[in-house]
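Engineer: Generate a structure from the sequence data that follows.
(chains A, B, C and D)
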2 protein chains.
Amino acid sequence: MPTRKPTAPAKATRDREATQQRFIEAAARVIARDGAAGLGVNAIAAEAGADKKLIYRYFGGLDGLLEAMGANTAVWIGDALSASKGDYSERMAAVFAAYAANLRGDPVLQKLLAWELAEPSDTLRRIDAARSKAMYAVMPKLRGDEKPPEGVDAPAVNAILLAALHYLTLRGATMGGFSGLSLKTDADWKRAMAAFQGLLKRTYPQD
Amino acid sequence: MPTRKPTAPAKATRDREATQQRFIEAAARVIARDGAAGLGVNAIAAEAGADKKLIYRYFGGLDGLLEAMGANTAVWIGDALSASKGDYSERMAAVFAAYAANLRGDPVLQKLLAWELAEPSDTLRRIDAARSKAMYAVMPKLRGDEKPPEGVDAPAVNAILLAALHYLTLRGATMGGFSGLSLKTDADWKRAMAAFQGLLKRTYPQD
DNA sequence: TCCTCTTGTCACTGCTTGGTGACATATGAC
DNA sequence: GTCATATGTCACCAAGCAGTGACAAGAGGA
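Structural biologist: Next comes the predicted model:
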């Protein structure tokens, strides 16, 4: 009795880079669908239609694959800046709105953000560092020459508003709202963004 | 050959309620230590020093146990309200500070909040509903008779600030900071709370 | 043609998980 | 005392997991 089937057709094409890319995209799909919970070499390999052994061979394991995936994250900023006119608070609000819309449409990024809050791991910390560098770099550019008003701790305020944006986005995606504020429809988000803009207006007044 | 050891001493005392309580406390310890990831009947039973079978018998399963645990959550509000003097923004800031301090010292609640963001489940939704009812009930009492200023969407603003508080607390616990704002020491938090208070002051001005 | 290295496939181990059936024993009613 | 029942204990199962060794087969150089 043979312990081995006579043969399998083997992959039609033999292309390491293409296979790696398939793994990376599969990992993103699995995260978007099942979140960090259902993440594992078995699930990713099944999604990619390839063998999990290759994950170890090409990426050294699951962590390596996730880092490779994190390195591929898009930039999602930039164009919001070019279109920014008006005073500081208006430009800030425009960037906030653009960032919010982008975040709301990116389930993978959402899951990564949620994952970071749940369990700190060195891998996640590295992914976060690479990703958030782009965001931090925007802030000074955004500010331009203007100084924040007296008595306003601009970095702290911006961190607060950004934190709220992250939290509300995640809550909207999972629970549909937070603290009595519904966050399902576009109208809901318009209301929320108006409140953000109001806070910015009052923090960085007339220019 | 016997399939069974002659005998085990059996629990010293037989007390269903005490055992249930041991399970509830063990579940809280496991969550505080390992987060939602390492949660499971095996881990909880081991932590409680009891048999997992009893979890099914007494709580109907893991979900029932978690709900029983959620029902035991403390109130964490109330005394902050009694000590609240001054205008609306000052009272609000006092409640925020009290809530923040309480949240920062409650790893179980932190893990539950993070878990809610990661994977929506009916159980978590029920726990959240029970817990947040208390918070929602505070808001109107806090507001008293005063009306919010024209053009201010008070519920949205409060949701934003509360969301930021949650997010920054979780980020501080896992990553030690967010968006360039350090959130490790008490001084860090004093700075953050000052920024919160500034936002409240500007939103709900002189009274 | 032959030979070697890489890419891909599969079977298998060891471990952990959620969940259950079978059993032992303390407790309290009678 | 007698005995039913609640309480606690343990062994076991099927399923899923991460990780690895052995093998097949395409690709390309000599």
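Engineer: Tell me where chain A has strands.
Structural biologist: A:177-178, A:181-182 (DSSP state E).
Engineer: which of those strands has the lowest average pLDDT?
Structural biologist: Ranked by mean pLDDT, the strands of chain A bottom out at strand A:177-178, with a mean of 93.
Engineer: Go ahead and name everything in contact with that strand.
Structural biologist: If you take Cβ atoms under 8 Å, 6 or more residues apart in numbering or on different chains as the criterion, strand A:177-178 is touched by A:167-168, A:171-172, A:183-184, A:188, B:159, B:162-163. C-beta: built from backbone N, CA, C; applies to glycine.
Engineer: Separate out the buried members of those.
Structural biologist: Buried by 16 or more other Cβ atoms under 10 Å in any protein chain shown: A:167-168, A:171-172, A:183, A:188, B:159, B:162-163, out of those.
Engineer: How about the residue nearest the centre of chain A, nearest residue that isn't a chain neighbour?
Structural biologist: Geometric centre of chain A, nearest residue: residue A:109, 2.4 Å, by Cα atoms, centre = their mean. Once flanking residues are discounted, residue A:109 sits nearest to residue A:103: 6.2 Å by Cβ to Cβ, 6 or more residues apart in numbering or on different chains.
Engineer: Show me the domain layout of chain A.
Structural biologist: What automatic domain parsing lists as the domains of chain A is A:16-71, A:79-203.
Engineer: quick one: is the shortest one near chain B?
Structural biologist: Yes - part of domain A:16-71 sits near chain B under the criterion Cβ under 8 Å from any Cβ of the partner chain, namely A:35-37.
Engineer: same deal with stretch A:154-169?
Structural biologist: Yes - using Cβ under 8 Å from any Cβ, we find that stretch A:154-169 touches chain B at A:155-164, A:166-168.
Engineer: and which of these is nearest to DNA strand C?
Structural biologist: Using Cβ to the nearest atom of the strand, residue A:167 is the member of these that sits closest to DNA strand C, with 27.8 Å.
Engineer: Show me what residue of chain A gets nearest to DNA strand D.
Structural biologist: Per Cβ to the nearest atom of the strand, residue A:40 is where chain A lies closest to DNA strand D, at 2.2 Å.
Engineer: tell me the pLDDT at residue A:77?
Structural biologist: pLDDT, read off for residue A:77, is 54.
Engineer: for the closest residue to residue A:49 other than its chain neighbours, what are its contacts?
Structural biologist: Excluding the flanking residues, the one nearest residue A:49 by Cβ to Cβ, 6+ apart is residue A:22, at 7.3 Å. By Cβ under 8 Å, 6+ apart, the contact set of residue A:22 is A:48-50.
Engineer: Turn those into a markdown table, columns for pLDDT and neighbour count.
Structural biologist: Output for these, formatted as a markdown table (pLDDT from 0 to 100; neighbours: other Cβ atoms under 10 Å in any protein chain shown):
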| residue | pLDDT | neighbour count |
| --- | --- | --- |
| A:48 | 97 | 22 |
| A:49 | 97 | 10 |
| A:50 | 97 | 18 |
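Engineer: Same list, these, but as JSON lines with distance to residue B:91 please.
Structural biologist: Converted to JSON lines, the contacts of residue A:22 look like this (distance: Cβ to Cβ, whole Å):
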{"residue": "A:48", "distance to residue B:91": "56"}
{"residue": "A:49", "distance to residue B:91": "59"}
{"residue": "A:50", "distance to residue B:91": "60"}
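Engineer: Looking at these, which is nearest residue A:176?
Structural biologist: residue A:48 (31.9 Å; Cβ to Cβ).
Engineer: still on that earlier bit, the residue of chain A closest to DNA strand D and residue B:92: what is the separation?
Structural biologist: 45 Å (Cβ to Cβ, to the nearest Å).
Engineer: same deal with residue A:129?
Structural biologist: As judged by Cβ to Cβ, residue A:129 and residue B:92 stand 35 Å apart.
Engineer: looking at chain A, which helix or strand does the model trust least?
Structural biologist: Ranked by mean pLDDT, DSSP states H and E, the weakest helix or strand in chain A is helix A:79-82, scoring a mean of 59.
Engineer: quick one on the thing from earlier: pick the one among the contacts of residue A:22 closest to residue B:205.
Structural biologist: Of all those, residue B:205 sits closest to residue A:48, with 56.9 Å by Cβ to Cβ.
Engineer: In contact with the closest residue to that closest one other than its chain neighbours, which residues?
Structural biologist: Closest residue in space to residue A:48, ignoring its immediate chain neighbours: residue A:26 at 3.6 Å, by Cβ to Cβ, 6+ apart. Taking Cβ under 8 Å, 6+ apart, we find residue A:26 in contact with A:44-45, A:47-49.
Engineer: that older thread, next, find the distance separating the residue nearest to residue A:49 from residue B:94.
Structural biologist: Taking Cβ to Cβ, one finds residue A:22 at 55 Å from residue B:94.
Engineer: And residue A:49, by the same measure?
Structural biologist: Relative to residue B:94, and taking Cβ to Cβ, residue A:49 is found at 58 Å.
Engineer: How about residue A:86?
Structural biologist: 36 Å.
Engineer: Where neighbours are concerned, which of the residues of domain A:16-71 next to chain B has the most?
Structural biologist: The residue in these with the most neighbours, by other Cβ atoms under 10 Å in any protein chain shown, is residue A:35 (21 neighbours).
Engineer: If anything else comes up later, I'll come back, but that's it for now.
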